[in-house]
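Student: coords please:
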Amino acid sequence: MSFLKPKSVKFDIGGGRMVTIETGKLARQADGAVTVSQGNCVLLATVVANKDPKAGQNFFPLSVDYQEKFASAGRIPGSFFKREARLNDYEILTSRLIDRALRPLFPEDYLCDVQVLVSLISSDDQVMPDALACLAASAALAVSDIPIQEIISEVRIGRIEGKMIVNPTRAEMEKSDVEFIIAATNKNIMMVEGESDECQEEDLVQAIELAHDAIRIQVKAQEELRALVGITQKRDYKKPYRNEELNEKIQAFAKNKMHAIASAASAKHERSDAFKALHEELVNHLGDDLSDEDKGLIGHYFGELQYYVVRDMILNDRKRLDGRGTEDIRPLEMEIDILPTPHGSALFTRGETQSLTTITLGTPLDELLIESAHSSDYSKFILHYNFPPFSTGEVKMMRGVGRREVGHGNLAMRSLKKMMPGEEYPYTVRVVSDILESNGSSSMATVCAGSLALMDAGVPLKKHVSGVAMGLITKGDQYAVLTDILGDEDHLGDMDFKVTGTRDGICGVQMDIKVDGLSMDVMRQALAQAKKGRMHILDAMHQCTLAPRADVKPHAPRMVKINIDKEYIGAVIGPGGKVIQEIQRETGTTINLEEKNNQGEVSIFSKEKEGLDRALAWINGIVAVPVVGDTYEGTVKSIKEFGAFVEFLPKKEGLLHISEISWKRLESMDGIFKEGDKVQVKLLDIDPKTGKFKLSRKALMPKPEAPSKPAQDNN
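Tutor: Numbering: from 1, shown residues only. Now for the predicted structure:
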């Protein structure tokens, strides 16, 4: 008999789709470990927390990693080492979704290291594992003694043919016009992220409400599992040192001075310097008699005071740090075509946030390979977001792209992608946003600059897309919804809510809520205010450029696409690629040939129109079907005593017999042609048995009149 005694619970997520949460069988030395199963999809989640915080620790060190094991889908990784490497962008984005939902659940004074690991260990073709990953992480915490305050879960909402569905299958998602990932506790929405085909604000509210109903079922299942395990109380932990007497002294000295700085409506660095000077003044005022522990608390209490002073100013005075009203957007400046060499460029500045965005047009050979355990796909639309330290006036080590950059870039990418042309557009498009200044919502600046730059590059973007970041300050029954938040307002606020879209609807959304009990009425107001701000920015973008360029810039690659019969694909490629390589070499073009819809799709790219035209004519010649009676311009390839062989289409030669060269009888071929001569010929016949072509030159010449007969002499 097995000594393992696993415990499990099951619930239905709709339509008879059962989900099982089990603990006690795998990874039993972790503080908490569960498997979550649906169909053949199995996720393993583990959590471990240190018993005590590190010495001097003043922040909560939570790390979350989601990884898909390739063995889960019966695949071997394609890397050189044939093993799972660093997390790819999809895994990083899933890790961020879990992190953003879990982080607010821990007590503010809990500073111990916590590590959450979620792994896909068995894959299902139709079950999307990222929608179950946060459920697995929360369940692992629920069956542990780690001191979380609430249980959460997360679901995906899709809409197929007008009907909202919880955790749709992969096949259903291909038909969906919305995709939202929503996390919540039993009472409160915690996080929303997703995209849509220009949905309306009320559609998003309905999706959130449906998701919350589904999440409550999942929270109840986790509570049942925790009861089965017997977890009745969480572990005690060492709380950081506090001194309320010192806090009162700091408030008495600095509160009014801090309010004066906050209400001065200064620029970011001026305000930062003023707060820094006040902090130094406070340290001098308190003197050197403080203990080392109390000295370490000055910064903590100073930050808390700043938090409450700024929030109270916004709620009571309806005045923000830079002097704006709650619905005002900072001054806008935008310009396109500011760089000579990129295929498209734009500079977008909103207050103290600035994005320089460039566009590069490439061929299908430049497509991005996106590999996961489930599949390997290629993407023709790429967006990269860079956030160098100088954008905030800081000095930091450049250690590659961070998770924040991946997340911000993904929001901008999925927003702009909604307005990109379809699969018929042959270019691979790379958008790069370099943030040159940042004071709030650089991801939204990326959306606006990206839209402008795409139009400058001549990409047939359907509509302009803009974005705006919203904030929320609450205190009791008081609240203020803020449009176009500053970096400080993001840090001090209760909600960070980014909405992107066109004039006709929402394309992307990302929301993190840090406060309990956010009502749907406040949510609706925030969405309505965001729509107003989005329209204001769109008006300015339309003044900058109304529509895409009619053509790509002169130095951008030219493109033409044709479809050929499937039977000619081999002829265009040639043995070992000989023919297509020769065409590219001789014409200076890049040619991509794929089989799609039982046809050959040929895309030709060239920086020079002449080379593109030559390559196009060459391929058209290869795939052309010779028609008896048609006229062709041919090239003399060889000369025989009985005539000349003429190439009248690429790789198609026919015999121009000596008798078909001229109406005049020719005794020999001497001096008539030389190899390489161009000659107009008419296709007279195709031998049905041999397929040989019979050509004529004289058929294109006027037939000489017959000589008149001499008059008869009657005498």
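
Student: would you put the C-alpha positions of stretch 630-643 in PDB?
Tutor: Output in PDB follows, covering the C-alpha atoms of stretch 630-643 (Å, rounded to 0.1, in the frame of the first residue of the first chain):
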ATOM      1  CA  ASP A 630       1.200  34.300 -79.400                       C
ATOM      2  CA  THR A 631       4.300  36.400 -80.100                       C
ATOM      3  CA  TYR A 632       7.400  36.300 -78.000                       C
ATOM      4  CA  GLU A 633      10.700  38.100 -77.800                       C
ATOM      5  CA  GLY A 634      13.300  35.300 -77.800                       C
ATOM      6  CA  THR A 635      17.100  35.000 -77.500                       C
ATOM      7  CA  VAL A 636      19.100  32.900 -80.000                       C
ATOM      8  CA  LYS A 637      20.800  30.200 -78.000                       C
ATOM      9  CA  SER A 638      22.500  28.100 -80.700                       C
ATOM     10  CA  ILE A 639      22.700  28.000 -84.500                       C
ATOM     11  CA  LYS A 640      22.500  24.900 -86.700                       C
ATOM     12  CA  GLU A 641      22.700  24.400 -90.400                       C
ATOM     13  CA  PHE A 642      18.900  23.800 -90.500                       C
ATOM     14  CA  GLY A 643      18.000  26.800 -88.300                       C
END
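
Student: Let me see the residues that make contact with the helix-or-strand element of the chain with minimal mean pLDDT.
Tutor: When the helices and strands of the chain are scored by mean pLDDT, DSSP states H and E, strand 368-371 comes last with a mean of 84. With contact meaning Cβ atoms under 8 Å, 6 or more residues apart in numbering, strand 368-371 is reached by Pro77, Gly78, Asn88, Asp89, Tyr90, Ser376, Asp377, Tyr378, Ser379, Ile382, Thr428. Using the backbone N, CA and C atoms, a C-beta is placed for each residue, glycine as well.

Student: got it, and stretch 500-508?
Tutor: Outside of stretch 500-508, the residues within contact range by Cβ under 8 Å, 6+ apart are 194-201, 203-204, 411-412, 414-416, 418-419, 444, 447, 463-467, 498-499, 509, 531, 534-535, 538.

Student: now the strands: where do they sit in the stretch 501-650 of the chain?
Tutor: 505-513, 558-565, 590-596, 599-606, 631-640, 643-649 (DSSP state E, counting those that start in this stretch).

Student: Format the ones you listed as JSON lines; extra columns: mean pLDDT.
Tutor: Converted to JSON lines, those look like this (pLDDT from 0 to 100):
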{"stretch": "strand 505-513", "mean pLDDT": "94"}
{"stretch": "strand 558-565", "mean pLDDT": "88"}
{"stretch": "strand 590-596", "mean pLDDT": "88"}
{"stretch": "strand 599-606", "mean pLDDT": "90"}
{"stretch": "strand 631-640", "mean pLDDT": "90"}
{"stretch": "strand 643-649", "mean pLDDT": "90"}
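
Student: between those strands, which one is nearest to Arg83?
Tutor: strand 590-596 (31.1 Å; Cβ to Cβ).

Student: List buried residues within the contacts of stretch 500-508.
Tutor: Buried subset of the contacts of stretch 500-508 (neighbour count, 16 or more other Cβ atoms under 10 Å): 194-196, 198-199, 201, 203-204, 411-412, 414-416, 418-419, 444, 447, 464-467, 498-499, 509, 531, 534, 538.

Student: So which of the residues you listed are in strands?
Tutor: Gly194, Glu195, Ser196, Glu198, Cys199, Ser466, Gly467, Lys498, Val499, Val509 (DSSP state E).

Student: State the pair within those that is farthest apart.
Tutor: Taking Cβ to Cβ, no two of these sit farther apart than Gly194 and Ser466, at 17.7 Å.

Student: still on that earlier bit, would you convert the ones in strands among the buried ones among the contacts of stretch 500-508 into CSV that also reports distance to Asp52?
Tutor: As requested, these are arranged in CSV below (distance: Cβ to Cβ, whole Å):
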residue, distance to Asp52
Gly194, 39
Glu195, 42
Ser196, 46
Glu198, 51
Cys199, 48
Ser466, 48
Gly467, 43
Lys498, 37
Val499, 42
Val509, 39
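
Student: residues of the lengthiest helix in the chain that come out buried?
Tutor: The longest helix of the chain (DSSP state H) is helix 201-229. For helix 201-229, the neighbour count (16+ other Cβ under 10 Å) marks 201, 203-204, 206-208, 210-212, 214-215, 217-219, 221-222, 224-226, 229 as buried.

Student: circling back: quick one: buried residues of the least confident helix or strand of the chain?
Tutor: Quick answer for strand 368-371 (16+ other Cβ under 10 Å): Glu371.

Student: Verify the stated contact: His343 with Ala457.
Tutor: Yes: with contact defined as Cβ atoms under 8 Å, His343 reaches Ala457; the gap is 4.8 Å.

Student: between the two, what contacts are shared?
Tutor: Here His343 and Ala457 have Ile359, Leu361, Val552, Lys553, Ala556 as joint contacts, going by Cβ under 8 Å, 6+ apart.

Student: The first one pairs with what?
Tutor: So the one you mean is Ile359. Beta-bridge pairing for Ile359 (DSSP bridges): Gly344, Val431.

Student: So it versus Lys69, what's the distance?
Tutor: Going from Ile359 to Lys69 by Cβ to Cβ, to the nearest Å gives 37 Å.
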